[in-house]
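# Please find the sequence and the predicted model below.
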Amino acid sequence: MTRLLILGGTTEASALARAVAATEIAAIFSYAGRTECPVTQPLPTRVGGFGGVDGLAAYLRDERVTHVIDATHPFAAQMSRNAVEACAGTGVQLCALERPAWMAGPGDDWYHVPDITGAVTALPDDPARVFLAIGKQTLAPFAAKPQHHYLLRLVDPPDGALPLPDAHAVIARGPFSEAGDRALMRDHRISHVVAKNAGGAGAAAKLQAARALGLPVILIDRPTVPPRPVRATVAEVMGWIADHPARLGE
Ligand SMILES: NC(=O)c1ccc[n+]([C@@H]2O[C@H](COP(=O)([O-])OP(=O)(O)OC[C@H]3O[C@@H](n4cnc5c(N)ncnc54)[C@H](OP(=O)(O)O)[C@@H]3O)[C@@H](O)[C@H]2O)c1
């Protein structure tokens, strides 16, 4: 019998949960527990880390999981690596739901950098007004360029002092619109945008707004994850599940 574990934390994971809930498939949804009020899912939900590869492998065995769908954010690389290793070790089938990376189009002024350090280096030396659209977890390295004003967009209010001397946080949860992001950037007189190449529609608004305003974007490349089956849409993942019945003996 199929028993699915969805590793979530993205808009796409929530869409997959809705699709799975409309079927007879038994499934569990997993959150890391990073946000205070995560979106309620139509599936039994657990919250918190598993305890590395070994903890996840033990969980898969204990819960008799037959399939894992890794629908985490493309930058949640540790979870994705753990899933590859734990599924290989337990014989559980694994597929990733991963949105394609964004590609520059006409009018885009993008500077690709390999990681956060590269993004810090790519910022100018003269004071700038930077929309740092990268979440809350990797802000500290930007303290190396304290001359800039940083606009942050966070899901929850910061629970302590921000690690940047000149920063303003707006609290908002996506998906966002191009018009809204254009107004935000105009109101805050933004001169540079820093973003992760997350892909997807709802998070692309800042790139469309930057294009409309003629602003440069420093775009951080995705971290690498070991090879695994990848599908780009919920429908394709549902097809993958149908094509990969639980292995014999499960
Ligand atoms: N990184 C981003 O830019 C970003 C953006 C939007 C949303 N998110 C979401 O935020 C969550 C955390 O992202 P991250 O970048 O901190 O991940 P990460 O660095 O890859 O993961 C660190 C640890 O957090 C735990 N974890 C991550 N995702 C989990 C999940 N869905 N269920 C249970 N445990 C999970 C695992 O702990 P154990 O080793 O103890 O199992 C993992 O080893 C993910 O659900 C991701 O989809 C991340």
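That came through fine.

# pLDDT on stretch 48-66, on average?
The average pLDDT within stretch 48-66 is 98.

# Ok, stretch 31-44 next?
On average, stretch 31-44 scores 94.

# Okay, buried residues for it please.
By 16 or more other C-beta atoms under 10 Å, the buried positions in stretch 31-44 come out as 31-32, 38-39, 41, 43. Every residue, glycine included, has its C-beta placed from N, CA and C.

# Up against the ligand, what does this protein have?
Residues of the chain lying close to the ligand (C-beta under 6 Å from any ligand atom) are 7-10, 30-32, 34, 49-52, 55-56, 72-73, 75-79, 82, 135, 137, 196.

# Repeat the analysis, applying 5 Å as the threshold.
Counting by C-beta under 5 Å from any ligand atom, the chain comes close to the ligand at 7, 9, 30, 32, 34, 49-52, 72-73, 75-76, 78-79, 135.

# From those, list the buried ones, please.
Buried members of these, counted by 16+ other C-beta under 10 Å: 7, 9, 30, 32, 50, 72-73, 75-76, 79, 135.

# any weak-confidence spans in this structure?
Applying pLDDT under 70 to the chain flags residues 248-250.

# try 80
Counting by pLDDT under 80, the ranges of the chain that qualify are 202, 247-250.

# For Gly180, state which of the buried residues of stretch 31-44 is nearest.
Val39 (19.5 Å; C-beta to C-beta).

# So the closest one, which state does it fall into?
Val39 falls in the coil class when you classify it by DSSP: H, G, I helix; E, B strand; the rest coil.

# got the contact list for the closest residue to it other than its chain neighbours?
Leaving aside its sequence neighbours, Val39 sits nearest to Ser14 (C-beta to C-beta, 6 or more residues apart in numbering; 5.4 Å). Neighbouring residues of Ser14 by C-beta atoms under 8 Å, 6 or more residues apart in numbering: 8, 39, 41.

# let's see it at 10 Å
Contacts for Ser14 (C-beta atoms under 10 Å, 6 or more residues apart in numbering) come out as 6, 8, 29, 38-43, 71, 234.

# in the biggest helix by length in the chain, what counts as buried?
Counting by DSSP state H, the longest helix found in the chain is helix 77-90. Within helix 77-90, the residues that count as buried by 16+ other C-beta under 10 Å are 79-87, 90.

# Distance from it to the middle of the chain?
Here the centre of helix 77-90 is set off from its chain's centre by 17 Å, with C-alpha atoms, centre = their mean, to the nearest Å.

# picking up where we left off before, what helix or strand does the residue nearest to Val39 sit in?
Ser14 belongs to helix 11-21 when assigned by DSSP states H and E.

# Off-centre distance for that helix?
With C-alpha atoms, centre = their mean, you get 15 Å for helix 11-21.

# quick one: buried residues of it?
By neighbour count on 16+ other C-beta under 10 Å, the buried set for helix 11-21 is 11-17, 19-20.

# And the helices in the protein, which stretches?
11-21, 52-62, 77-90, 116-122, 178-187, 205-213, 234-243.

# Show me which positions of the fourth one end up buried.
Put plainly, it is helix 116-122. Neighbour-count burial for helix 116-122, with 16+ other C-beta under 10 Å as criterion, is recorded at 116, 119-120, 122.

# which residues make contact with it from outside it?
75, 111-113, 115, 130, 132, 134, 137-145, 192, 194-196, 216, 218-221.

# Could you identify the buried members of the residues you listed?
Using 16+ other C-beta under 10 Å as the burial test, those include 75, 113, 130, 132, 134, 138-139, 142, 145, 192, 194-196, 216, 218-220 as buried.
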